[in-house]
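Asker: Next comes the sequence, and after it the predicted model I'd like to discuss.
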Amino acid sequence: MKRNLNRRKGAYIVIAFLLVMIFTAGCGFVGGTPNMPYEPDTPAPDPHNGLFVSDHGTMEFNGDGKSVTTDFDSELSALLGLPEGKQELTYVFLSGDLPPGGSVDCRYDVAHELRLSTADTSVVVDMALIGEDGVTVTKGTNHVTPERIPMFFREDGKIMNVIFTKQ
């Protein structure tokens with residue numbers, strides 16, 4: 001009986017070890033680059049191009065994947081910590097916080113964050129959608145599309161979406 005118990009323990013240890021190996025096989029380096037977010041095995045989408053409009057302003061992308069002309073109202077400017085009105089910014093979509101180094105540049109279709117930068121200021125805003133119930137928040141891939149850029153804010157216990165749609 002003791003012999004069977006030892007065999008079972010050994011089998012459980014081997015199974016546990018194999019499960020750990022299976023679950024961790026996909027972690028680590030992708031393509032030899034540390035800390036790279038998952039990217040679907042598809043061609044990267046074209047950069048945003050054209051005018052995107054929300055209730056709180058506009059963002060006009062020129063298609064170079066780097067620069068955007070924004071015109072935010074006072075409420076959105078205050079939430080972002082950027083000056084109000086029309087200005088030229090640079091932008092980059094980010095993966096979200098990945099251990100050990102944090103956010104890294106990525107394609108917009110897998111982005112969790114957006115960094116907007118002026119010559120003096122750089123801010124990062126979450127990309128997420130609030131559910132119809134007004135409480136549920138979903139953050140993940142495919143929230144940013146060629147036609148939609150959702151900004152998500154949580155301030156003073158309230159949550160808010162500012163969704164820019166292509167015109």
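Answerer: That came in fine, so what should we check first? In this text the structure is predicted, and so the values were computed from the model without any measurement.
Asker: any idea how far the host helix or strand of R154 is from the chain center?
Answerer: In this assignment (DSSP states H and E), R154 forms part of strand 148-155. Once both centres are worked out by C-alpha atoms, centre = their mean, to the nearest Å, strand 148-155 turns out to sit 11 Å from its chain's centre.
Asker: now for it, which elements pack on it?
Answerer: Under the contact definition 3 or more C-beta pairs under 8 Å, 6 or more residues apart in numbering; DSSP states H and E, strand 148-155 sits against helix 74-80, strand 122-126, strand 129-130, strand 158-166. Where C-beta positions appear, they are placed from N, C-alpha and C, glycine not excepted.
Asker: mind redoing it with 10 Å?
Answerer: For strand 148-155, the packing partners by 3 or more C-beta pairs under 10 Å, 6 or more residues apart in numbering; DSSP states H and E come out as strand 49-54, strand 57-62, helix 74-80, strand 113-117, strand 122-126, strand 129-130, strand 137-138, strand 158-166.
Asker: Now it: average pLDDT?
Answerer: Along strand 148-155, the predicted local confidence has a mean pLDDT of 94.
Asker: hmm, back to that, let's have the helices and strands packed on strand 148-155 in CSV, adding distance to V68.
Answerer: Supplementary listing: these in CSV, determined by distance: least, C-beta to C-beta, whole Å:
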stretch, distance to V68
strand 49-54, 9
strand 57-62, 5
helix 74-80, 13
strand 113-117, 8
strand 122-126, 13
strand 129-130, 21
strand 137-138, 24
strand 158-166, 10
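Asker: rewinding a little: what angle do the strand holding R154 and strand 57-62 make?
Answerer: Using axes from the mean of the first three to the mean of the last three C-alpha atoms, to 10 degrees, the direction of strand 148-155 lies 140 degrees away from that of strand 57-62.
Asker: Identify all contacting residues around strand 148-155.
Answerer: The contact list for strand 148-155 (C-beta atoms under 10 Å, 6 or more residues apart in numbering) reads 48, 52, 54, 56, 59, 61, 68, 75-76, 78-80, 91, 93, 108, 111-114, 116, 125-130, 137-139, 142-144, 159-166.
Asker: which stretches of this protein have low pLDDT?
Answerer: For the chain, applying pLDDT under 70 flags the ranges 1-6, 10-12, 14-40.
Asker: Excluding sequence neighbours, find me the nearest residue to the residue nearest the centre of it.
Answerer: For the chain, the residue nearest the mean C-alpha position is H112 (0.9 Å; C-alpha atoms, centre = their mean). The shortest distance from H112 to any residue that is not its chain neighbour, by C-beta to C-beta, 6 or more residues apart in numbering, is 3.1 Å, and that residue is G96.
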